[in-house]
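>>> Structure, please.
(chains A and B)
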Amino acid sequence: MDRFGLRDFIKLRWLAFIRRPLRASTLIWKILKYIFLALMYLEVVFFGFFPLLIFKEKNIPVSRYLPETNKYIFIFIGFAFFFNMMINNYSSLKIKPFLLLPIHKKRIVRYYLATGWINITQFTLITWVVIVSATFLYAGVPPGRVIPWALALVLTSIWFNMLAWTTEKSPLLYVITTVVMFATIGLVKKHPEWLEPAGKIFQSVADGNLLSLSGFVILVALTYIFIEKYLLRSMYLDTRRKKQEKIYASELKWTDYFGKTGAYIQNDIRLILRNKRTRMLLMQMLVTLFYGVFIFASGLYDKNGQNFWKVFAVILLSGAFMINFGGFTPSWDSEYFKLLVSQSVNFRLYLEAKWRLMVFSVLVMTILSLPFAYFGKDVLMLLIAFAFFNAGINSFFVLWTGIFNKNPVKLNSTQQAFQKTQSGNFKLVFIIFLRILIPILLYFPLKKFLGFNTAVLIISLLGIAGMLLKNPVLNYLARLYNRHKYDFVESYSKLEEL
Amino acid sequence: MISIRNLRKTYDKNFSLDIPELLIPAGQSFGLVGNNGAGKTTLFSLILDLIRPTAGSVRIKNIPVHESEDWKQFTSAYLDENFLIPYLTPDEYFDFLAKLRGVNGQEKDKTLAFFEPFFTGEIRGKKKYIRDLSKGNQKKVGIAGTFIGHPDLILLDEPFANLDPSSQILLKRLLNQWRRSHATTLLISSHNLEHITDVTDRIVLLNNGRIAEDMQVNEGTLKELIEFFENQLTEK
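Below you'll find the model as predicted:
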């Protein structure tokens, strides 16, 4: 049972990594991603040297180095946590081939955990800690204080990574964590003194309190044991497959009203309701509403007349579903894409169905967001203006960007425990950000030069114009989709072989 | 129905499909055999415009498949489970196909009634998603689906694989019954030499991306095919 060691496993993972199907579009993303990460790490390195430089300049005695750093430690921890939650990139493992091999299941799980978590985002906090510790040691802070302190921070980072991995597996946990995260940021803004305990815990570790340090160890150990147990239970082919799923038997007769497009709309509705991956979209709509509450209630936008977050929230509110759903067109249909392109499906009707559904979602989200009018007439005006914009301009933009996302989507993966769910990968976060950023970049100059009312009017009119131009735009997109058809077929069939 | 001229698809140095000419007249039941890697799926994918040819063209009813999409109006295919929509029930899937092909409910039901013995009561009216069906039943759904709307051209890749013996025999009967009453052009590939000779008028043998034999089916065909593949063994 011991012939298969960690080295063999790492070798397999490495081969899986370098032999992934590479596509030109993914290459561009790779480059963008690494540029982004390089900038990120440059910043982390800079902030690593930052404390020492500041302390030297302000002539702070060496004995105060750690306590002073701990006062602001939450910024770095918070950043690491946020980064981990938003961008994670865990590797997936196909467990089926391992199940019959003479290897202990526990060993596979451990190897998976050892290699699957090697995740570039995880090292931001660790890099920072290493640099800070090194500079402090160099400056003369006793190692007996620095080393336990650094250890506690490294354990925190590992724990965050575990937490992000866990929440990725369960949409509900993800929703809860995100809501809690935003709520915490909101609360802490009003009561900054609540953050003091965080610094105090790290200070007590530095002061040699072994109990505090063991707290970190126990937290990480317990989480690890929990995850290991969970994965061991998942080492069966039928895990997480419910015995008999309830069938949503609605005939959706009303879709007939839309003629042939109706057949697609009907299919899309079933797609959304009947698959794990798509049901998550509905969850995300909920998160967005919470996010709106957080932004408006915390008054994040009031200071210095900053309207950025207000506009950001308004676009996200009405576009919550659209931005996520549209961006995965046609990936949602990757599992049966060959059927779509070989039967009498034309992309024009296909795209129109997606578009109608998105516009409908904008309408629903706008109605759900109407209570936010409580925060001011301008919020209401912005909400409606950007709802038009989302429906008339952003919807097409989102469909257009779908062309660049050629990753297939596994709608109802039964081996979720070992697979990544793509709930927060770099590309997705980047595209979502872009989709919100463009209207913002349009709005602020308009407002600056023409005033609020005119800007809102122009944004609305642009949206309405977009909706009126639906036919030519969809025709253009259909031609584009047609041209990319072969690439889609190819990349969707490639991933199955992996 | 199908005319192929100077068709070539090159993947790398090791494999290329090369067909100078192949004409399949309307109403013919056409069989395709060949070992793994002979190019059967590549040829089907080229006919369905799922991949682009390196050179040459495929025309269905004189429509170049990579220029116009009009051929889709009368063509249907089942190559693999990627032609099924996993989160639909079989009935919903059939409805979806019928709607796409502009077929009314009655006509759809008539076609499906023809396949009812094939379904052995496990497909229709059952509240089960396609993804939860067995591989064999999934295949039955896919095959029956292609016949909805009586397309002029139907492509089936390995229709007999994954089916239990009774279903294989029944499928042969149904295909032959369909051939007698309809002028459908059928393209069928199979590794089962006996089955394929039973349901086709003509068989083309692919070997290393080239047409090795093109024969009209008669009593001697099965023996000829077996001989060919036995010779393949001794050559290697």
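>>> switch to C-alpha atoms for all contacts and neighbour counts from now on
Fine.
>>> residues in contact with residue 31?
Using chain A here. With contact set as Cα atoms under 8 Å, 6 or more residues apart in numbering or on different chains, A:Ile31 has no partners.
>>> my bad, chain B
Contacts of B:Gly31 by Cα under 8 Å, 6+ apart are B:Leu187, B:Ile188, B:Ser189, B:Ser190, B:Ile196, B:Thr197, B:Thr200, B:Asp201, B:Arg202, B:Ile203, B:Val204.
>>> Helix, strand or coil: sort out B:Ile211 for me.
The local conformation at B:Ile211, judged by DSSP: H, G, I helix; E, B strand; the rest coil, is strand.
>>> That one and chain A: what is the separation?
Distance of B:Ile211 to chain A, computed by Cα to the nearest Cα, to the nearest Å: 25 Å.
>>> show me what contacts that residue?
Contacts of B:Ile211 by Cα under 8 Å, 6+ apart are B:Ile19, B:Val204, B:Leu205.
>>> number of nearby residues for the residue in the stretch 51-200 of chain A positioned nearest to chain B?
Closest to chain B within the stretch 51-200 of chain A is A:Lys96: 17.7 Å, counting by Cα to the nearest Cα. Using other Cα atoms under 10 Å in any protein chain shown, A:Lys96 has 12 neighbouring residues.
>>> repeat for the one 4 residues further on
A:Leu100 is surrounded by 9 other residues when neighbours are defined as other Cα under 10 Å.
>>> Can you pull the phi/psi pair for it?
phi -100, psi 0 (degrees, to the nearest 10).
>>> about what we covered before: could you dump the contacts of B:Gly31 into CSV and include distance to B:Ile148, pLDDT and secondary structure?
Shown next, in CSV, are the contacts of B:Gly31 (distance: Cα to Cα, whole Å; pLDDT from 0 to 100; DSSP: H, G, I helix; E, B strand; the rest coil):
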residue, distance to B:Ile148, pLDDT, secondary structure
B:Leu187, 16, 94, strand
B:Ile188, 17, 94, strand
B:Ser189, 20, 93, strand
B:Ser190, 22, 92, coil
B:Ile196, 22, 93, helix
B:Thr197, 25, 92, helix
B:Thr200, 21, 92, coil
B:Asp201, 23, 91, coil
B:Arg202, 24, 93, strand
B:Ile203, 25, 92, strand
B:Val204, 27, 93, strand
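>>> Out of these, name the two that are farthest from one another.
By the measure Cα to Cα, B:Ser190 and B:Asp201 form the most distant pair in the contacts of B:Gly31, at 14.2 Å.
>>> Mind checking which of those two has more residues around it?
Each of B:Ser190 and B:Asp201 has its neighbours counted (other Cα under 10 Å); B:Ser190 has more, 21 against 17.
>>> For the spatially most central residue of chain B, list the residues it contacts.
Residue closest to the mean C-alpha point of chain B, counted by Cα atoms, centre = their mean, is B:Leu156 at 1.5 Å. Listed by Cα under 8 Å, 6+ apart, the contact partners of B:Leu156 are B:Ala77, B:Tyr78, B:Leu79, B:Ile143, B:Leu186, B:Leu187, B:Ile188, B:Ser189.
>>> strand partners of the helix or strand hosting it, parallel vs antiparallel please.
Assigned by DSSP states H and E, B:Leu156 falls within strand B:153-157. Looking at strand B:153-157 with DSSP bridges, its partner strands are strand B:75-78 (parallel), strand B:185-189 (parallel).
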